[in-house]
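Q: sequence and computational prediction follow.
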Amino acid sequence: MRNAERFDGVLEVNAAMRKVRMLLALAAMIQQQPRWAEMCARILQQCEHLQGGRDQLAGFLGVKRPELDEWLAARSGPPRAVFERAMELILAEHDRRAAREAAGVPKRRRTDRPSAQQGT
């Protein structure tokens, strides 16, 4: 019985060591990858540009402006439904640009914008 108890103790120590190694590996991976809130903030910043401002984006997403401000500042991440809605906007823009390119419409240059031409 004593040998069995020792064997069980060794197994428990080995299992604990595996968990520690796994947690250390996970911590290293998290440090290398951008955090969820930061990634969402970058996506929402792109959406803000596409929608023409923060108020318009808040309306599009169906959220209050203070919530959106928190997400854009990367203090927290949005709920999944909001994230999916933002991704729909990004994908729709991607599809729009791909369709224009397939139709042979030339890409706009910064100098093509009316605000750039007003200064000349």
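A: Structure's in. What do you need? Remember, it's a predicted structure, so these values are computed and weren't measured experimentally.
Q: what's residue 75 sitting at in phi/psi?
A: In terms of degrees, to the nearest 10, the main-chain angles of residue 75 are phi -80, psi -20.
Q: dump the residue contacts of the nearest residue to it once chain neighbours are set aside.
A: Of all residues not flanking residue 75 in the chain, residue 37 sits nearest, at 6.7 Å (C-beta to C-beta, 6 or more residues apart in numbering). Heads up, the C-betas are built off the backbone N, CA and C, glycines and all. Contact partners of residue 37, counting by C-beta atoms under 8 Å, 6 or more residues apart in numbering, are 71, 74-77.
Q: tell me the one among those nearest to residue 100.
A: Top of the list for closeness to residue 100, among these and by C-beta to C-beta, is residue 71 at 29.5 Å.
Q: so where do the helices sit in this structure?
A: Remark: helices assigned in the chain by DSSP state H are 2-32, 36-51, 54-61, 65-72, 80-102, 114-118.
Q: worst mean pLDDT among the ones you listed?
A: In terms of average pLDDT, helix 114-118 trails the rest of the helices of the chain, at a mean of 55.
Q: measure residue 59 to residue 47 for me?
A: With distances defined as C-beta to C-beta, to the nearest Å, the gap from residue 59 to residue 47 amounts to 12 Å.
Q: outline the domain layout of the chain.
A: For the chain, the domain assignment from automatic domain parsing gives the residue ranges 1-33, 36-106.
Q: okay, these, which one's buried deepest?
A: Each of the domains of the chain was assessed for mean neighbour count using mean count of other C-beta atoms under 10 Å. The highest is domain 36-106, with a mean of 14.
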